[in-house]
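A.B. asks: sequence first, predicted coordinates after that:
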Amino acid sequence: MQRISLLLVLATLTACAQDDDALLEEVRDTLPAASEVRLDVPSTDNKSTLGAVAEFYQHTRNTSDFLNAASVVWVGLIQTIMRYPATSVEGDTITWGPWNDDSALRPFAYKLVAVRTGDRSITYALSGKRRADAGDFIPLIEGAAERPEAGERGKGTLTLLFDNQAVIDVAKRERGSIAIRYDLTGEPRTNAVTFSDFVNERGEGPRDSEYGYLQRADGSGRFDFLTLADVDNDAASQLENLHIVSNWDATGAGRSDVAAWGGNLGEVIWNVAQCWDASFLATFTSYAATGGAQPLLANEGDAASCAVSGETVAPLL
């Protein structure tokens, strides 16, 4: 009887270990890779023409670069942590960390907790604190992820909590939060980003902004951006509404359509369209100001040079 009981115990332990390994593999495969939250706006290495690069393409590019830096680095950290052996596996919950030795990921201590909530569906939270500080870990990233099958593209959400990140890293100046929703399961791939009470590294803000991004298999795409900004550059307290929609084809050539209204513009509505070629140099720009005492309409360049069609970007009243 003792021999049979021992065999049963060993069989049970082996089955549990296999279940734990399967859960670990599923979590590692389901959580997003850095490439899945990255916004791949086309770029050029032609530095000599930087001064002539289309203004609104450059704005689109700068925004995507910031979002990539903010999200890809933290997603990369999660992927790095998951390369370590899990600290514990309890039911559908896997925990990595916290580690007490002074060698791993210093000077900060991190803890990653992932919970299976359904078939290939995971919620997760990355928490952290300074090693020298007492007290509880605080959440830095919270998210959820789904992946239909192993190896396929997934979808999910993640929220970057900059207020908490600044608590453990005093060098960080950003505040507020950024919520990202990505879906790579269909064509085209899409990302939507919401900034809430966000203050950037220069102390500008807080701002609430919305971004929408899609990329097709051929490399063409669209970027939609809505925020408050000092459009008229008068340094006054009132900000204007700014809505930019950029489209580009597979070569990178594209067009931005812009609307600005409200704030110090009063009844005036600004509309700008700008096209650029595959080298990102402006080829056509049109300006229009309506609603004021002196309407303005001016064009620079050749409208026939636009590689993609424009969109009507009207004030969101």
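C.D. replies: Here it is on my side, so go on.
A.B. asks: okay, helices next: where are they in this protein?
C.D. replies: For the chain, helices defined by DSSP state H occupy the ranges 2-30, 34-37, 55-81, 162-168.
A.B. asks: need those in CSV (columns: mean pLDDT, distance to residue 221 and mean neighbour count).
C.D. replies: Every C-beta, even on glycine, is put in place using the N, C-alpha and C of the backbone. Shown next, in CSV, are the helices of the chain (pLDDT from 0 to 100; distance: least, Cβ to Cβ, whole Å; neighbours: other Cβ atoms under 10 Å):
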stretch, mean pLDDT, distance to residue 221, mean neighbour count
helix 2-30, 61, 25, 12
helix 34-37, 84, 15, 18
helix 55-81, 86, 10, 18
helix 162-168, 91, 27, 18
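A.B. asks: out of those, which is closest to residue 284?
C.D. replies: Shortest distance between residue 284 and those, using Cβ to Cβ, is found for helix 55-81: 11.8 Å.
A.B. asks: now do the closest one: distance to the chain's middle.
C.D. replies: Mean C-alpha position of helix 55-81 versus that of the full chain (Cα atoms, centre = their mean, to the nearest Å) differs by 6 Å.
A.B. asks: low pLDDT regions in the stretch 151-300 of the chain?
C.D. replies: 235-237, 293-294 (pLDDT under 70).
A.B. asks: can you lay out the helices of the chain as JSON lines showing distance to residue 141?
C.D. replies: Formatted as JSON lines, the helices of the chain follow (distance: least, Cβ to Cβ, whole Å):
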{"stretch": "helix 2-30", "distance to residue 141": "15"}
{"stretch": "helix 34-37", "distance to residue 141": "11"}
{"stretch": "helix 55-81", "distance to residue 141": "6"}
{"stretch": "helix 162-168", "distance to residue 141": "9"}
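A.B. asks: of all the ones you listed, which one comes closest to residue 280?
C.D. replies: Evaluated with Cβ to Cβ, the helices of the chain place helix 55-81 nearest to residue 280, the distance being 5.3 Å.
A.B. asks: quick one: closest of the helices of the chain to residue 107.
C.D. replies: For those, proximity to residue 107 was assessed by Cβ to Cβ; helix 162-168 is nearest, at 9.4 Å.
A.B. asks: alpha carbons of that closest one, as CSV, please.
C.D. replies: Output in CSV follows, covering the C-alpha atoms of helix 162-168 (Å, rounded to 0.1, in the frame of the first residue of the first chain):
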residue,chain,number,x,y,z
PHE,A,162,3.1,57.6,-14.5
ASP,A,163,2.2,59.0,-11.1
ASN,A,164,3.2,55.7,-9.6
GLN,A,165,6.2,55.4,-11.8
ALA,A,166,7.4,58.8,-10.5
VAL,A,167,7.1,57.6,-6.9
ILE,A,168,9.7,54.9,-7.4
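A.B. asks: and it, what does it pack against?
C.D. replies: Judged by 3 or more Cβ pairs under 8 Å, 6 or more residues apart in numbering; DSSP states H and E, helix 162-168 is in contact with strand 121-130, strand 138-146, strand 175-183.
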